[in-house]
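Novice: what's the 3D shape of this:
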Amino acid sequence: MSIFYQTVQLQIEEIGWEHLVWANGDLTIMSFKILDKSGRFHILEIVLDKNYPKRPPAISSDVPHLFSLKWYPNSRLKDVVEQFIKHVEELQDFWSVMENIDKSLLVVGPEQPSRSVSFRHINIGNDCVLVVNVNADDPKSMPESRFIGSESHVSSLKKLWRSNARLWSEHKSFVENLAKVLEIQLQGPPDVDMDHRQLECGICYAQYLPTDTELGTSSGSGTDYTCDNKNCRKAFHSVCLVDWLRSITTTRQSFNVLFGACPYCSDPVAVKINNAN
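Specialist: Numbers count the residues shown, from 1 in each chain. Coordinates of the predicted model:
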């Protein structure tokens with residue numbers, strides 16, 4: 001076992017193996033799951049150079065912008081994770097604003113936006129769409145805007161946006177501010193059961209499995225397993241979840257059922273092996 005491998009193993013242990021979602025064989029690429037104070041899960045990917053720790057790791061995550069990593073000769077992986085945790089805490093207001101928009105307004109795009117996306121297309125009636133771009137560093141401020149629709153309606157909306165800009169208050173919700181500035185009754189989202197939406201698998205990141213005879217009845221199928229944790233609700237293909245659980249040493253099997261932990265929230269999951277055939 002190389003010194004590099006031993007060093008990285010010890011540093012993962014400092015963070016906690018329960019936070020490790022995935023790592024490649026030589027431990028140069030790894031992903032950690034982080035739970036923020038609002039109950040949102042985040043995945044931090046860390047890529048190590050062959051000269052690590054002399055050279056800092058590269059990082060990536062589903063956030064609107066990354067932080068500037070502070071790296072010193074005695075820095076360790078836990079320092080990277082701690083800086084990332086601080087960064088996501090600074091983005092709490094941003095995600096709260098985006099969730100307020102998604103839950104309260106008729107959002108027509110983008111479809112299933114990731115946490116890094118800062119814009120929304122909002123149907124505001126009269127065949128008009130408002131495109132807003134929320135400042136991730138100052139999310140309660142008045143956002144950048146663009147109106148799409150008939151020239152007459154867009155012209156009047158632009159005038160209201162400019163003349164009522166002073167009414168925008170950081171002490172009110174985005175929805176309240178938007179209704180006041182545009183002087184309109186805003187439409188809410190359609191009543192859609194989230195459990196019936198087609199979701200991407202949290203392991204393979206695809207909506208559907210490939211069409212392959214080796215997958216049997218699962219060939220080409222969509223996600224069919226959802227985590228029971230109401231703050232997680234991550235969707236998976238059973239076949240992907242089975243493969244992932246089999247790679248984890250703490251997974252146990254009783255008859256044709258695998259028992260383990262959700263890759264994202266660590267809550268208990270149980271999946272039938274037959275479902276993955």
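
Novice: Give the buried residues for the host helix or strand of Ile46.
Specialist: Using DSSP states H and E, the element containing Ile46 is strand 41-47. Residues Phe41, His42, Ile43, Leu44, Glu45, Ile46 are the ones in strand 41-47 that count as buried (16 or more other C-beta atoms under 10 Å). From N, CA and C alone the C-beta is placed, and that goes for glycine too.

Novice: need the contact list for the nearest residue to Cys201 once chain neighbours are set aside.
Specialist: Closest residue to Cys201 apart from its sequence neighbours, by C-beta to C-beta, 6 or more residues apart in numbering: His237 at 4.8 Å. Going by C-beta atoms under 8 Å, 6 or more residues apart in numbering, His237 touches Cys201, Ile203, Cys204, Leu209, Ser218, Ser221, Gly222, Thr223, Asp224, Tyr225, Ala276.

Novice: Bridging across strands, which residues link to the closest residue to Leu157 other than its chain neighbours?
Specialist: Counting by C-beta to C-beta, 6+ apart, Leu157 lies nearest to Phe147, which is 5.1 Å off, once chain neighbours are set aside. Judged by DSSP bridges, the bridge partners of Phe147 are Leu130.

Novice: Check the gap between the residue nearest to Cys201 and Val63 for me.
Specialist: 26 Å (C-beta to C-beta, to the nearest Å).

Novice: just Glu170 next, same as before
Specialist: 22 Å.

Novice: now the helix or strand Ser31 falls within and strand 41-47, what's the angle there?
Specialist: Taking DSSP H and E as the definition, Ser31 sits inside strand 29-35. Relative orientation of strand 29-35 and strand 41-47, computed by axes from the mean of the first three to the mean of the last three C-alpha atoms, to 10 degrees: 160 degrees.

Novice: List of residues touching strand 29-35?
Specialist: 12, 15, 19-24, 41-48, 81, 84-85, 88, 263-266.

Novice: again, only this time at 7 Å
Specialist: 15, 19-23, 41-47, 81, 84-85, 88, 264 (C-beta atoms under 7 Å, 6 or more residues apart in numbering).

Novice: again, but for stretch 130-146
Specialist: With C-beta under 7 Å, 6+ apart, stretch 130-146 has contacts from 64-65, 91, 93-94, 97-98, 118-122, 124, 147-148, 161, 165, 168, 170.

Novice: Show me which of these are buried.
Specialist: 64, 91, 93-94, 97-98, 118, 120-122, 124, 147, 161, 168.

Novice: Restricted to strands, list these.
Specialist: Arg120, His121, Ile122, Ile124, Phe147 (DSSP state E).

Novice: Spit out the contact partners of the second one.
Specialist: In other words, His121. Contacts of His121 by C-beta under 7 Å, 6+ apart are Val107, Val108, Gly109, Val129, Val131.

Novice: residues touching the residue nearest to the fourth one when sequence neighbours are not counted, list them.
Specialist: Distances taken as C-beta to C-beta, 6+ apart place Ile148 nearest to Val129, at 4.4 Å, with adjacent residues excluded. With contact taken as C-beta under 7 Å, 6+ apart, Ile148 is in contact with Cys128, Val129, Val131.

Novice: Can you convert those into JSON lines and add a column each for distance to Ala58 and pLDDT?
Specialist: JSON lines is the format used below for the contacts of Ile148 (distance: C-beta to C-beta, whole Å; pLDDT from 0 to 100):
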{"residue": "Cys128", "distance to Ala58": "42", "pLDDT": "93"}
{"residue": "Val129", "distance to Ala58": "37", "pLDDT": "96"}
{"residue": "Val131", "distance to Ala58": "32", "pLDDT": "97"}
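
Novice: Can you tell me which of those is closest to Pro113?
Specialist: Val131 (12.9 Å; C-beta to C-beta).

Novice: Please report the distance of that closest one from Gln187.
Specialist: Computed with C-beta to C-beta, the distance linking Val131 and Gln187 is 16 Å.

Novice: how near is Thr226 to Gly125?
Specialist: For Thr226, the distance to Gly125 equals 34 Å [C-beta to C-beta].

Novice: Settle it for me: which of these two has more neighbours?
Specialist: A direct count of neighbours by other C-beta atoms under 10 Å for Thr226 and Gly125 places Thr226 higher, at 17 against 14.
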